[in-house]
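Engineer: my questions are about this predicted structure, shown below with the sequence.
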Amino acid sequence: MTTAPHTPRPPGRPARRPGRLGYTGPGGGAWSYIEPPTEYRGTTVQVCGLFPFGTGASTPMIGVPVGRHLYTGSAVCFDPISWYTRARLINNPSVWIEGEPGMGKSTAVRRMVLGLTAQGVTPLILGDLKPDYAELVRALGGQVLRVGPGLDRINPLDAGPWRQVLDRVDERTGAVVRAAVTDRRLNMLVALATLIRRGPVNSDETTVLAAALRYLAERETDTQPVLSDVLNVIRDAPPQVRAVTLWQTDQDLPRFREETASLHRTLLALLHGPLGGTFEGQTTTAIRLDTPAVCVDISGIDDTDELRTAATLLSTWSYGFAQVEAAHLMADLGLAPARTFFTVLDELWRALRVGHGLVDRADGLTRLNRQKGTGTAFITHSLADLEALPTAHDRAKARGFAERSAVLMIGPCSEQELDAVARVRPLSNAERREVLSWSAPPSWAGAGSETVGRGNFLIKVGSRPGIPVHLEPTEVEKQLGNTDFRWTMT
């Protein structure tokens, strides 16, 4: 068998390469027109009749549609609750979202809020600073509370509708409920004291506060205690409170008052200082969990008032989680329908960096509901925000928020930020290059076009390859989440 001699390609002539439709020239196919096939997507049950012409998707189809894969264009679905409850892709329903300002973090969460509401989940935005979510919640028919000076007030010792539970349970369950309520109130009160002091509350003072709260709980009626009640109990020094100290007899009363003088001054500062008008008194408007969604709008607080902002965030977190816990307990007792919640903790760093020890308090508030049928989204600009905390203990504890989150959604950020992320979750070189490309500055010729990288996220679960996704909000979503409305008004 002989073959035709090989004809060498003339020097300087480039090699022919086929294009998308084939070679150019007669019979090559490049001049013909091939209509692209229609592409459908569905589950294996829906498209099984098309086999063998179906192909498996590389991205999960469970959850809220958050966007399209940057390379394949296929739909990407994600929310922490669906991935945890329906697919068991993650070990807890939580997501940590970070990225540069204005790059779509709140837009991504609004998409999850919208989709989860349609699935019967109740989103709770516990502290909306800009606001980013209030208009969306109103459009969904949800409840919007405005908390701040001259607006709605939240009693930091308000533990939710737990009185309804106590009236319907046996004595043993009631004791458990009262203990949980006291623990939550103590956690909140110590957090506020830490804020107003700009320093820690010592163990002896914490013990006295716990005794005062137990004293009030034992005598509580339908009206929940307020901050001034705690101050009056410590000032009156009943034997039940002095019993937890070394100054238990009536002759030791002057010494007791001397030892608690610093705590007395702290409570006076809470009542009559810059926070008094916001936190002293009963809750004016209670959170209602029978609505599609709840948003606590705190945009009425001045951005420069870090103390009030941090205290309000902690109070709304505590109050909201107390409502969730009471709702779950009532469902367990058959007194209310079972519900699933999605809590959004935005601008996390603003509450944590104000005072020493607040990381422990925020960690305690969130941990109490970690296994309570509640998904959580933590949103911040950067892990570096947590590195700005005052002590090594606080910084290590704060990194735990990201480390314990089952999913990281990483938006456009710097190389230094990716180094910090890599200490929490391993990143490949390809993943790093992908995220860094989203922060590349556009040319001046493209001024006025869409910001490069906006809406791009890398969804990272454990050591699995990250999913690069682009989220493009609809026109309605843009209208309901326009944080630049004061610019567009002109």
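Structural biologist: The structure has been received and is ready for your questions. Numbers count the residues shown, from 1 in each chain.
Engineer: quick one, domains of the chain?
Structural biologist: Using automatic domain parsing, the domains assigned to the chain come out as 40-154+291-443+450-490, 156-282.
Engineer: now do the shortest one: distance from first to last residue.
Structural biologist: So the one you mean is domain 156-282. 9 Å (CA to CA, to the nearest Å).
Engineer: ok so, going back, what's the closest of the domains of the chain to residue 24?
Structural biologist: domain 40-154+291-443+450-490 (27.3 Å; CB to CB). All C-beta atoms are positioned from the backbone trio N, CA, C, and that covers glycine.
Engineer: state the separation between the closest one and the centre of the chain it belongs to.
Structural biologist: 5 Å (CA atoms, centre = their mean, to the nearest Å).
Engineer: which parts of the stretch 201-350 of the chain are helices?
Structural biologist: 203-218, 227-236, 239-242, 253-259, 261-272, 276-279, 306-332, 348-352 (DSSP state H, counting those that start in this stretch).
Engineer: re earlier: relative to residue 25, which of the domains of the chain is closest?
Structural biologist: When the domains of the chain are ranked by proximity to residue 25 (CB to CB), domain 40-154+291-443+450-490 comes first, at 31.2 Å.
Engineer: residue ranges in the stretch 351-490 of the chain under the pLDDT threshold?
Structural biologist: Across the stretch 351-490 of the chain, residues meeting the criterion (pLDDT under 70) sit at 351, 353-358, 361-362, 364-372, 440-451, 482-490.
Engineer: I misspoke; the intended subject was the stretch 1-150 of the chain.
Structural biologist: By pLDDT under 70, the weakly predicted segments of the stretch 1-150 of the chain are 1-22, 26-58.
Engineer: where do the helices sit along it?
Structural biologist: According to DSSP H, counting those that start in this stretch, the helices that the stretch 1-150 of the chain contains are 44-47, 80-85, 105-118, 134-139.
Engineer: quick one, what contacts residue 416?
Structural biologist: Shown in contact with residue 416 (CB atoms under 8 Å, 6 or more residues apart in numbering): residue 384.
Engineer: and the domains of the chain as a markdown table, adding distance to residue 25?
Structural biologist: Converted to a markdown table, the domains of the chain look like this (distance: least, CB to CB, whole Å):
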| stretch | distance to residue 25 |
| --- | --- |
| domain 40-154+291-443+450-490 | 31 |
| domain 156-282 | 76 |
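Engineer: which parts of this structure are strands?
Structural biologist: 65-69, 75-77, 94-98, 122-128, 143-146, 294-297, 341-345, 374-380, 407-410, 456-460, 467-470 (DSSP state E).
Engineer: show me what counts as buried in stretch 186-201.
Structural biologist: 186-197, 200-201 (16 or more other CB atoms under 10 Å).
Engineer: from the chain's centroid, how far away is it?
Structural biologist: Worked out by CA atoms, centre = their mean, stretch 186-201 lies 23 Å from the chain centre.
Engineer: with just CA atoms, put that stretch into CSV.
Structural biologist: Taking Å, rounded to 0.1, in the frame of the first residue of the first chain, the C-alpha atoms of stretch 186-201 are listed here in CSV:
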residue,chain,number,x,y,z
LEU,A,186,-28.0,38.3,80.6
ASN,A,187,-26.0,38.0,77.4
MET,A,188,-27.7,41.1,76.0
LEU,A,189,-27.3,43.2,79.2
VAL,A,190,-23.6,42.3,79.5
ALA,A,191,-23.1,43.3,75.9
LEU,A,192,-24.7,46.7,76.4
ALA,A,193,-22.6,47.2,79.6
THR,A,194,-19.5,46.3,77.6
LEU,A,195,-20.4,48.9,75.0
ILE,A,196,-21.1,51.7,77.3
ARG,A,197,-17.9,51.0,79.3
ARG,A,198,-15.7,50.4,76.3
GLY,A,199,-14.4,47.6,78.4
PRO,A,200,-15.3,44.2,79.9
VAL,A,201,-17.7,43.3,82.7
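Engineer: can you say which of the domains of the chain is nearest to residue 23?
Structural biologist: Within the domains of the chain, the stretch nearest residue 23 is domain 40-154+291-443+450-490; the backing value is 26.5 Å (CB to CB).
Engineer: what are the bridge partners for residue 470, then?
Structural biologist: residue 68, residue 456 (DSSP bridges).
Engineer: contacting residues for it?
Structural biologist: So residue 470 contacts 67, 68, 70, 455, 456, 457 (CB under 8 Å, 6+ apart).
Engineer: any idea which of those has the most stuff around it?
Structural biologist: residue 457 (31 neighbours; other CB atoms under 10 Å).
Engineer: so how far is residue 243 from that residue?
Structural biologist: 55 Å (CB to CB, to the nearest Å).
Engineer: could you do residue 173 as well?
Structural biologist: In terms of CB to CB, residue 173 sits 26 Å off from residue 243.
Engineer: between these two, which one's more packed in?
Structural biologist: Comparing residue 173 with residue 243 by other CB under 10 Å, the one with more neighbours is residue 173, at 15 against 10.
Engineer: perfect, that will be all.
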